[in-house]
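In: show me how the following folds:
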Amino acid sequence: MRGLMLLFALHTADLHPPDTGSGDRWFAMDKAKHFFMAAFVQTLSFSAFRAVGLSYRHALIGATVTSSAVGIGKELYDLKTGGDASWKDLTWDGVGIAAASAVLAHTEK
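Out: Predicted coordinates:
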């Protein structure tokens, strides 16, 4: 649980640089951070769920829920603190989750 709290704390760091007039772009450093953080949370939580004895399927479902909650939580945090919540950020979170799941599909079941 402490690990997930640390991940959430790191994920809530200011990933949105000051707006320089370019707006919320689809391809930016911020989007890469969302992709890799979501993939990392997906992989870490999947491993944790497998370590406590969940089946492959249930661990993947649990990891997806966990990763999605972290991504959505980050955007809600942005909204609450005056930042800009972004559907593009959530999209990149989803792409990171899907990419990690594709890699995990090739692990030993």
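In: identify each buried residue in the longest helix anywhere in the chain, please.
Out: The residue-count maximum for a helix in the chain (DSSP state H) belongs to helix 56-80. By neighbour count on 16 or more other Cβ atoms under 10 Å, the buried set for helix 56-80 is 59-60, 62-64, 66-68, 70-71, 74-75, 78. C-beta here means a position set from N, CA and C on the backbone, and glycine is covered the same way.
In: just after it, pick out the following helix or strand.
Out: Next along the chain after helix 56-80, taking DSSP states H and E as the criterion, comes helix 87-104.
In: what about dumping the CA coordinates of that next one to CSV?
Out: Provided in CSV are the C-alpha atoms of helix 87-104 (Å, rounded to 0.1, in the frame of the first residue of the first chain):
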residue,chain,number,x,y,z
TRP,A,87,-8.7,13.8,-21.8
LYS,A,88,-5.5,13.5,-23.7
ASP,A,89,-3.6,12.6,-20.5
LEU,A,90,-6.2,9.9,-19.8
THR,A,91,-5.9,8.6,-23.3
TRP,A,92,-2.2,8.2,-22.9
ASP,A,93,-2.7,6.5,-19.5
GLY,A,94,-5.0,4.0,-21.3
VAL,A,95,-2.4,3.4,-24.0
GLY,A,96,0.2,2.8,-21.4
ILE,A,97,-2.1,0.3,-19.6
ALA,A,98,-2.9,-1.5,-22.9
ALA,A,99,0.8,-1.7,-23.8
ALA,A,100,1.8,-3.1,-20.5
SER,A,101,-1.1,-5.6,-20.7
ALA,A,102,0.1,-6.7,-24.1
VAL,A,103,3.6,-7.4,-22.7
LEU,A,104,2.1,-9.2,-19.7
